[in-house]
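Novice: Show me how the following folds:
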Amino acid sequence: MIIRDILDMKGAKLHAISPDQPLSEAVHRMMELDIGSLLVMEGERLAGIITPHDVLRALDHCRCDLTTVPVREVMTQNLYIGSPEDTVDDVRGVMTENHISHLPVMEDHKLVGLISFHDVAKAALKAAAYENMLLKRYIKNWPEENQQA
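Specialist: Numbers count the residues shown, from 1 in each chain. Below you'll find the model as predicted:
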């Protein structure tokens with residue numbers, strides 16, 4: 001399975017915020033939409049991503065009221081980027097090794113989607129269930145050794 005398959009299943013709805021918006025707005029939108037990240041966009045350009053982990057890291061570092069701090073001061077800017085043609089196994093490895101919960105997906109320098117580790121895990125479970133079904137079907141129809149022609 002490739003990332004394009006995941007994007008097709010989940011749809012293309014992307015949620016974004018400007019880097020100049022206050023962090024309180026980013027937190028409010030993530031809670032309101034029940035999502036784990038917001039893309040940070042400067043016009044059409046992907047500038048970063050903001051996740052609850054970024055908010056907690058900023059709170060620990062600053063130990064102050066973060067509600068008026070601009071998103072740009074808290075967001076993750078050095079992003080790992082996926083391609084629609086990447087395999088689920090490759091992306092799962094990158095996300096696991098680098099502790100990434102959300103991965104922007106770009107094609108021809110254009111943002112085409114965002115996948116979460118949950119999306120990757122769900123796709124892996126679906127693929128494993130399909131493979132399991134095929135194996136069970138194969139075993140059920142196992143040819144007899146002493147079968148005569």
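
Novice: What are the buried residues along the longest helix along the chain?
Specialist: In terms of residue count, the longest helix belonging to the chain (DSSP state H) is helix 117-140. Neighbour counts over helix 117-140 (16 or more other Cβ atoms under 10 Å) mark 117, 119-120, 122-123 as buried. (Glycine included, C-beta is placed from N, CA and C.)

Novice: who are the neighbours of the helix or strand Pro104 falls within, in terms of helices and strands?
Specialist: With elements taken from DSSP states H and E, the one containing Pro104 is strand 102-107. Where contact means 3 or more Cβ pairs under 8 Å, 6 or more residues apart in numbering; DSSP states H and E, strand 102-107 is packed against strand 45-50, helix 88-97, strand 110-116.

Novice: Any stretches of the protein with poor pLDDT?
Specialist: 144-149 (pLDDT under 70).

Novice: What separation do you get for Leu66 and Leu33?
Specialist: To Leu33, Leu66 is 20 Å away according to Cβ to Cβ, to the nearest Å.

Novice: Looking at these two, which has the bigger crowd around it?
Specialist: With neighbours defined as other Cβ atoms under 10 Å, Leu66 and Leu33 compare such that Leu66 has more, 17 against 11.

Novice: Now Asp89: closest residue in space, sequence neighbours ignored.
Specialist: Excluding the flanking residues, the one nearest Asp89 by Cβ to Cβ, 6 or more residues apart in numbering is Ala124, at 7.9 Å.

Novice: what's the neighbour count on Thr68?
Specialist: 9.

Novice: so what's it up against?
Specialist: By Cβ atoms under 8 Å, 6 or more residues apart in numbering, Thr68 lies in contact with 22-24.

Novice: Only whichever of those are buried, select them in ChimeraX.
Specialist: The buried subset of those, as determined by 16+ other Cβ under 10 Å, is captured in ChimeraX by this line:
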select :23
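
Novice: I appreciate the help and will end here.
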